[in-house]
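Enquirer: The sequence isn't on hand, but the structure is:
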């Protein structure tokens, strides 16, 4: 482990633990998507929309990614990362989100991704940047964000039922206060997921003060490979599905008469 003392603003130390966690999430996501692709092309029939085996995995994978978003923003704020650097990275994510929408529309025109994980990260990353000064209030904000969709469901099914259709439509369902899940291949709305980001930020701020060594954890072997992978998460995210789907399409052309 490295770093017994909290990092000081302006220092550029790269902490290994968030990269390691992102690497784990990327490998898990890739295996999940490979299973989805096998099912989509008819090699292995699975119910990815309803089976808890898959829906719970998806929840865990998204949670791990967004926890890392919060950790990363806590570290960036502690190091005094400026808006220019933040803006460049945010623009990359936003452009990739648009590419995902375009690519998914080509593959799934009736259920294309219009607010998936990258769209959600682009919005939540900006909100996280603006709320880094909330300190301990991030814990409460995260709890309220996590609970808000369930509260909204009760309200929209009761006293505000007339508003339910508006919140279920594409113009507002990115908020997450819905009574019916939209028909789309990926859906990561602001709520409850902003709660995971806020808790990630709160955890990161606590670790920077009390357990800096945990953030600076370095592992050899597979751990080092996962850490390296986590440092290039956006590139991997954008390339893994086209490569896997392309390989399965080619396999289908070669194998099937």
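Expert: The structure has been received and is ready for your questions. Here the structure is a predicted model, which is why all the values come from computation and not from measurement. Numbers count the residues shown, from 1 in each chain.

Enquirer: pLDDT value on residue 66, please?
Expert: In this model, residue 66 is scored at 98, pLDDT.

Enquirer: Next, count neighbours for the closest residue in space to it that isn't next to it in sequence.
Expert: Excluding its sequence neighbours, the residue lying closest to residue 66 (Cβ to Cβ, 6 or more residues apart in numbering) is residue 196, at 4.2 Å. Any C-beta I mention is one placed from the backbone N, CA and C, and that applies to glycine too. For residue 196, the count of nearby residues is 22 (other Cβ atoms under 10 Å).

Enquirer: hang on, residue 196 packs against residue 67?
Expert: Yes - taking Cβ atoms under 8 Å as the definition, residue 196 is a contact partner of residue 67 at 5.7 Å.

Enquirer: buried stuff in the helix or strand containing the residue nearest to residue 66?
Expert: In this assignment (DSSP states H and E), residue 196 forms part of helix 190-210. By neighbour count on 16 or more other Cβ atoms under 10 Å, the buried set for helix 190-210 is 190-205, 207-208.

Enquirer: Same check on stretch 134-146?
Expert: Going by 16+ other Cβ under 10 Å, stretch 134-146 has these buried residues: 134, 138, 139, 141, 142, 145, 146.

Enquirer: Stretch 171-185 now?
Expert: The neighbour-count check on stretch 171-185 (16+ other Cβ under 10 Å) flags 173, 174, 175, 176, 177, 178, 179, 184, 185 as buried.

Enquirer: name the element the second one belongs to?
Expert: The one in question is residue 174. Using DSSP H and E, no helix or strand contains residue 174.

Enquirer: residues contacting it?
Expert: By Cβ atoms under 8 Å, 6 or more residues apart in numbering, the contact set of residue 174 is 115, 119, 120, 123, 189, 190.

Enquirer: Nearest to residue 83 among those residues?
Expert: Residue 83 has its nearest neighbour among the contacts of residue 174 in residue 123, at 16.6 Å by Cβ to Cβ.

Enquirer: Show me where this structure dips below the pLDDT cut-off.
Expert: By pLDDT under 70, the low-scoring segments of the chain are 1-12, 256-257.

Enquirer: Could you pull out the strands in it for me?
Expert: Using DSSP state E, no strands are found in the chain.
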